[in-house]
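**Student:** Here's a sequence, model it:
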Amino acid sequence: MKFTDLNAVMAAVRGWCDAKDAVVAFGYYGYIPGEWEVRVFTPTSISPIVHSDLCYALLAACLEASRKLLVPA
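**Tutor:** Have a look, this model is predicted:
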């Protein structure tokens, strides 16, 4: 996968969300120009990831959510 290709990243995120029964939401972050906010909603929802690169923000949010899902409650 090419980590800078938004189509490839979106396909990977979609597959991960389907497998984990998660929902991803992202939007242009209004407080800092040029930033994206990404949230992944799972049973262990996380704080938003904010970054200027949407691909990075999407992958980082999924990685953080995946780590949280692995930690026993």
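**Student:** For the rest of this, base every contact and every neighbour count on C-alpha atoms.
**Tutor:** OK.
**Student:** What ranges in the protein fall below the confidence cut-off?
**Tutor:** Counting by pLDDT under 70, the chain shows low-confidence ranges at 1, 71-73.
**Student:** For the helix ranked longest in it, buried residues please.
**Tutor:** Assignment by DSSP state H gives helix 54-70 as the longest helix of the chain. Residues of helix 54-70 classed as buried by neighbour count (16 or more other C-alpha atoms under 10 Å): 54-62, 64-66, 68.
**Student:** And it, what does it pack against?
**Tutor:** Counting contacts by 3 or more C-alpha pairs under 8 Å, 6 or more residues apart in numbering; DSSP states H and E, helix 54-70 is packed against helix 6-20, strand 35-41, strand 49-51.
**Student:** Contacts for that helix, please.
**Tutor:** By C-alpha atoms under 8 Å, 6 or more residues apart in numbering, the list of residues contacting helix 54-70 from outside reads 3-6, 9-10, 13, 16, 36-40, 42, 44-46, 48-51.
**Student:** which one of the buried residues of helix 54-70 is nearest A25?
**Tutor:** L58 (9.2 Å; C-alpha to C-alpha).
**Student:** ok, now which ones touch S52?
**Tutor:** S52 touches G34, E35, W36, counting by C-alpha under 8 Å, 6+ apart.
**Student:** number of nearby residues for the last one?
**Tutor:** A total of 23 residues lie near W36 under the criterion other C-alpha atoms under 10 Å.
**Student:** ok, back up a step: any chance of the buried residues of helix 54-70 in CSV, plus distance to V24?
**Tutor:** Shown next, in CSV, are these (distance: C-alpha to C-alpha, whole Å):
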residue, distance to V24
L54, 13
C55, 13
Y56, 14
A57, 11
L58, 8
L59, 11
A60, 12
A61, 9
C62, 8
E64, 12
A65, 10
S66, 13
K68, 15
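**Student:** of all the contacts of S52, which comes closest to A25?
**Tutor:** Looking across the contacts of S52 and measuring by C-alpha to C-alpha, the closest to A25 is W36, at 10.6 Å.
**Student:** Contact partners for that closest one?
**Tutor:** F26, G27, Y28, Y29, I49, V50, H51, S52, D53, L54, A57.
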